[in-house]
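Chemist: From the sequence below, what's the structure:
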Amino acid sequence: MKKKWKYLISILLLLMVLFLGNYLARDKQDLDDLFALHHTKENRSNPVRQSDVEQYMTPLDQELGIPEQKLEYISNALEQNPNLEKTVASIPTEAAVEDVQFLFDVLKYSYAGYSYFGTEDIWKDCENRIISSIKMHDTDLTQEELVQILCTNLEFIQDSHFKINYASSVIHSEFYYNDTMEIEEDHSGYYVKDGNQKWYMKSVEYDENVADYVKPSLNVEGKICHYLGILDTRFHSRVNVVFQSGDQQHETSIRVSCSEPQVNQNEDAYSCQNIDGIPVITMERMYKKDSEDSSVEEFVESGNIISGQKLAILDLRGNTGGQSWGADAWFQNFTGDSQIPQVSTLKLSSKIGAYELREIYQTAKEHSLFPPEELLQLEKEISSIDTTKNQWIFTEEKAEKTKNETKLIVLMDGHTASAAEALISHLNTLENVVFIGTNTLGCLLSNANMKCILPHSEIEISYGDQLYFPEGCTEGKGFEPDIWIGGADTMERVLTFLARGK
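Modeler: Numbering: from 1, shown residues only. This is a model prediction of the structure:
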């Protein structure tokens, strides 16, 4: 009898060991499962080529485009307009019309998106509508009234870097989610469980492509799961879902929350800390506030710090962007490669743009806003410009998937923008990188190298002289993550997930 009990106990212990071993193995596999979610995305097979953008490369004459004495209103893109906070109280209609004519001349001869967003006829019709609206006023206009007229009529410019007194008309997609109802999947489709009963999702918002609304995520326990999520330009407080179980069908309205991007207000943009043995790099912007600000240089150096590590976290949530040199240099340090991925670009090299570039160089040099190597690069660019011409320059994409040994978790959200998105574009070319959070802002179609001040109204217009065509980034929608977490506890869930695998 004793032998029988010993035998049974031995069997039970063996089963417990096997169960525990499988459980631990399952946990350790989770990290690979997490990164595998990124590799399931399709690799780019059809990059933008010159033939795809030739329609935007409209023939250019060799004029400056504006009277030479008005170059003083081409403002330095690195400097803040000191009069921006001062409102011009009264603008005569004739002066407002002159401002509009000046603006449209400037855009025609120096804005890279001019032909991208419309033909010459479309732009001329827009200009005429604005002038007609101005002339309808019997009295002088206020600056606010003229800004409103411009914003209303220029809404067709869906370019996040095109701004009128810092305001953009780009329509943004927000992420709406429900992280209280976990969704599972089997051979029959996606379902939720009510006791032992499976209710299969048949449609979401009357769309039968249910998979588009089932998002991989991490729950508060740090486990990979799936939640209901929708990326939309329309506001949602509830989402319609139809479930089916056998012959029964049930239509319900599920409450969703809107993700709230992080707002960074720290004086120091950069931080590096070690959490449970994992290096965590946080970068909140990609520009220097002044010559005393070393945050970008410190961030660039952190690429060397985590290069070769087994695992690291890069937190770009709330990073509003800035200049691209910091993102480029960080990527070079992280990979140990002097080359950076080249996306297809279309640049309008104009006489107005050459003037602006020289102004940027002088300001950056005087206030030590760029490192010496970036200033040297600017010098080379300025010396290579043919100042007698307005011309289009197309550069074709050169980006291939590259090996990377460091498993890098990148956090992002709806305020991750511009130069921070450029870094995400670079990182998309590497193996062993996974993106967690929500979609980014979608502010990568153009740059922010150009700025002008309308002479009479003193309205500031900022815009770009170059268009970018990165894979997977739509203006106003941005890059989408591999793992969707809409709440403010993204970092906490990631760290909990990593702790489970130890």
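Chemist: CA only for contacts and neighbour counts going forward, please
Modeler: Will do.
Chemist: Phe331 reaches Asn428, doesn't it?
Modeler: No: Phe331 is not in contact with Asn428 according to C-alpha atoms under 8 Å; the separation is 11.3 Å.
Chemist: which of the two has more neighbours?
Modeler: Neighbour tally, Phe331 and Asn428, criterion other C-alpha atoms under 10 Å: the higher count belongs to Phe331, 25 against 22.
Chemist: Which helix or strand contains Glu298?
Modeler: helix 295-306 (DSSP states H and E).
Chemist: what does that helix contact?
Modeler: Contacts with helix 295-306, where a contact means C-alpha atoms under 8 Å, 6 or more residues apart in numbering, come from 268-272, 279, 281, 283, 286-288, 312, 326-327, 329-334, 406.
Chemist: any idea which helix or strand comes after that helix?
Modeler: strand 311-315.
Chemist: how far is the very next helix or strand once past that following strand from where the chain is centred?
Modeler: For strand 311-315, the following helix or strand on the C-terminal side (DSSP H and E) is helix 324-335. Relative to its chain's centre, helix 324-335 lies at 17 Å (C-alpha atoms, centre = their mean, to the nearest Å).
Chemist: just checking, what packs against helix 324-335?
Modeler: Under the contact criterion of 3 or more C-alpha pairs under 8 Å, 6 or more residues apart in numbering; DSSP states H and E, helix 324-335 touches helix 295-306, helix 419-427.
Chemist: and the shortest one with helix 324-335, angle?
Modeler: Calculated by axes from the mean of the first three to the mean of the last three C-alpha atoms, to 10 degrees, helix 419-427 forms an angle of 30 degrees with helix 324-335.
Chemist: Ser115 should be in a helix, yeah?
Modeler: Yes: assignment of Ser115 by DSSP: H, G, I helix; E, B strand; the rest coil places it within a helix.
Chemist: following the helix or strand Pro216 falls within, which helix or strand comes up?
Modeler: Using DSSP H and E, the secondary-structure element containing Pro216 is strand 214-218. Going down the chain from strand 214-218, the next helix or strand is strand 224-232, by DSSP H and E.
Chemist: Quick check: buried residues in that next one?
Modeler: 224-231 (16 or more other C-alpha atoms under 10 Å).
Chemist: ditto for stretch 242-259
Modeler: 242-244, 256-259.
Chemist: Can you tell me which of the residues you listed is closest to Ser51?
Modeler: When those are ranked by distance to Ser51 (C-alpha to C-alpha), Ser259 comes first, at 38.8 Å.
Chemist: wait, doesn't that closest one sit right on Asp179?
Modeler: No: with contact defined as C-alpha under 8 Å, Ser259 does not count as touching Asp179 (11.3 Å).
Chemist: Could the C-alpha coordinates of stretch 256-271 be exported in PDB?
Modeler: Output in PDB follows, covering the C-alpha atoms of stretch 256-271 (Å, rounded to 0.1, in the frame of the first residue of the first chain):
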ATOM      1  CA  VAL A 256     -15.100  53.100 -25.600                       C
ATOM      2  CA  SER A 257     -12.500  55.600 -24.300                       C
ATOM      3  CA  CYS A 258     -10.500  58.000 -26.400                       C
ATOM      4  CA  SER A 259      -6.700  57.700 -25.900                       C
ATOM      5  CA  GLU A 260      -5.100  60.700 -24.300                       C
ATOM      6  CA  PRO A 261      -1.600  61.500 -25.600                       C
ATOM      7  CA  GLN A 262       1.100  62.400 -23.100                       C
ATOM      8  CA  VAL A 263       1.800  66.200 -22.700                       C
ATOM      9  CA  ASN A 264       5.500  66.700 -21.700                       C
ATOM     10  CA  GLN A 265       6.400  69.800 -19.700                       C
ATOM     11  CA  ASN A 266       9.700  68.800 -18.200                       C
ATOM     12  CA  GLU A 267      12.500  71.200 -18.400                       C
ATOM     13  CA  ASP A 268      14.900  68.400 -19.200                       C
ATOM     14  CA  ALA A 269      13.700  66.600 -22.400                       C
ATOM     15  CA  TYR A 270      16.100  63.600 -21.900                       C
ATOM     16  CA  SER A 271      16.400  61.000 -19.200                       C
END
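Chemist: Just the buried positions in it, please.
Modeler: Quick answer for stretch 256-271 (16+ other C-alpha under 10 Å): 256-262, 264, 269-270.
Chemist: okay, now the domains of this protein?
Modeler: If you go by automatic domain parsing, the domain ranges for the chain are 51-164, 174-258, 261-449+464-500.
Chemist: Looking at the second one now, give me its mean pLDDT.
Modeler: In this model, domain 174-258 carries a mean pLDDT of 97.
Chemist: Also the last one?
Modeler: Domain 261-449+464-500 shows a mean pLDDT of 95.
Chemist: start to end distance for that domain?
Modeler: With C-alpha to C-alpha, to the nearest Å as the measure, domain 261-449+464-500 spans 27 Å from end to end.
Chemist: swap in the shortest one?
Modeler: Terminal residues of domain 174-258 lie 7 Å apart, using C-alpha to C-alpha.
Chemist: Likewise for stretch 457-473?
Modeler: 35 Å.
Chemist: ok now it, how far from the chain's centre?
Modeler: 14 Å.
Chemist: for stretch 373-386, same thing?
Modeler: 27 Å.
Chemist: Can you point out the buried residues in that stretch?
Modeler: 374-375, 378, 382.
Chemist: Let's see it as CSV, backbone CA atoms only.
Modeler: Taking Å, rounded to 0.1, in the frame of the first residue of the first chain, the C-alpha atoms of stretch 373-386 are listed here in CSV:
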residue,chain,number,x,y,z
GLU,A,373,29.0,68.1,-37.9
GLU,A,374,25.5,69.2,-38.7
LEU,A,375,26.6,72.8,-39.3
LEU,A,376,29.3,71.4,-41.7
GLN,A,377,26.5,69.5,-43.5
LEU,A,378,24.5,72.7,-43.8
GLU,A,379,27.5,74.5,-45.2
LYS,A,380,27.9,71.8,-47.9
GLU,A,381,24.3,72.0,-48.8
ILE,A,382,24.4,75.7,-49.1
SER,A,383,27.5,75.6,-51.3
SER,A,384,25.9,73.0,-53.6
ILE,A,385,22.7,75.1,-54.3
ASP,A,386,22.4,76.6,-57.7
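Chemist: on that earlier part again, of the domains of the chain, which is nearest Ser457?
Modeler: When these are compared (using C-alpha to C-alpha), the closest one is domain 51-164, at 6.0 Å.
Chemist: Which of the buried residues of stretch 373-386 fall within helices?
Modeler: Taking DSSP state H as the definition of helices, those contribute 374-375, 378, 382.
Chemist: Mind putting those into JSON lines with distance to Glu94?
Modeler: Shown next, in JSON lines, are those (distance: C-alpha to C-alpha, whole Å):
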{"residue": "Glu374", "distance to Glu94": "43"}
{"residue": "Leu375", "distance to Glu94": "42"}
{"residue": "Leu378", "distance to Glu94": "40"}
{"residue": "Ile382", "distance to Glu94": "37"}
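Chemist: Between these, which sits nearest Val106?
Modeler: Once C-alpha to C-alpha is applied, the member of these that ends up nearest Val106 is Ile382, at 20.3 Å.
Chemist: about what we covered before: just give me the closest of the ones in helices among the buried residues of stretch 373-386 to Leu141.
Modeler: Taking C-alpha to C-alpha as the measure, Leu141 lies nearest Ile382 of these, at 39.9 Å.
Chemist: List the contacts of the closest one.
Modeler: 354, 357-358.
Chemist: Helix, strand, or coil at Glu72?
Modeler: Quick answer, by three-state DSSP: Glu72 is helix.
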